[in-house]
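> What would the 3D arrangement of this be:
(one chain, ligands or ions: 1)
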Amino acid sequence: MSTRLRFADRDRNLIMKINDALERIANDEYGYCESCEEEINEKRLRARPMTTMCIDCKEEQEREEARTKIRPGMMDEYE
Ligand SMILES: [Zn+2]
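Next up, the predicted model:
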C-alpha cells in the first residue's frame with residue numbers, strides 16, 4: 001500500500017516536472033539555470049531533460065539539502 005502510494009507520488013512528481021519543462025520551453029526559458037541563469041550544459045540536458053539547474057547549482061543545492069533535510073525515508077515510519 002505505502003509502496004503504491006510512493007509510486008503514485010513519483011508519477012505525479014514526474015508529470016509536474018514535464019509540465020514545468022513544457023512551460024519553460026513555451027516561455028523560451030528552457031535550458032537555462034533557474035538559479036544562476038547560465039545556459040545548462042547540453043550533455044546535462046540530454047541526460048536530465050527536466051533539470052532546471054546547471055550542474056554547479058544542483059550540486060550546491062544537494063549539499064545544502066544533505067546538510068539541512070531529514071534523511072529521506074525517515075518520515076515514512078510514522079505513516
Ligand atoms: Zn546555475
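
> For stretch 7-22, could you pull out the residues that count as buried?
Within stretch 7-22, the residues that count as buried by 16 or more other C-beta atoms under 10 Å are A21. Quick note: C-beta positions are derived from backbone N, CA and C, even for glycine.

> Pull it out as CSV, backbone CA atoms only.
C-alpha atoms of stretch 7-22 as CSV (Å, rounded to 0.1, in the frame of the first residue of the first chain):
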residue,chain,number,x,y,z
PHE,A,7,4.9,5.3,-6.9
ALA,A,8,1.9,7.5,-7.4
ASP,A,9,3.7,10.3,-5.8
ARG,A,10,6.7,9.8,-8.0
ASP,A,11,4.5,9.7,-11.1
ARG,A,12,2.8,13.0,-10.1
ASN,A,13,6.1,14.5,-9.5
LEU,A,14,7.3,13.5,-13.0
ILE,A,15,4.2,14.9,-14.6
MET,A,16,4.7,18.1,-12.8
LYS,A,17,8.3,18.2,-14.0
ILE,A,18,7.3,17.6,-17.6
ASN,A,19,4.6,20.3,-17.4
ASP,A,20,7.2,22.6,-16.0
ALA,A,21,9.7,21.8,-18.8
LEU,A,22,7.0,22.4,-21.4
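
> Distance from that stretch to the middle of the chain?
10 Å (C-alpha atoms, centre = their mean, to the nearest Å).

> For it, what does the pLDDT average out to?
Stretch 7-22 shows a mean pLDDT of 89.

> Up against the ion, what does the chain have?
Within the chain, the positions adjacent to the ion are C33, S35, C36, C54, C57 by C-beta under 5 Å from the ion.

> Would you enumerate the residues in contact with S35?
S35 makes contact with M53, C54, C57, E60, Q61 under the criterion C-beta atoms under 8 Å, 6 or more residues apart in numbering.

> Now do the helices in this protein.
In the chain, the segments counted as helices under DSSP state H are 2-26, 42-47, 55-68.

> How about the last one, which residues are buried there?
Residues of helix 55-68 classed as buried: C57, K58 (neighbour count, 16+ other C-beta under 10 Å).

> Kindly report the same for the shortest one.
Buried residues in helix 42-47, counted by 16+ other C-beta under 10 Å: R44, L45.
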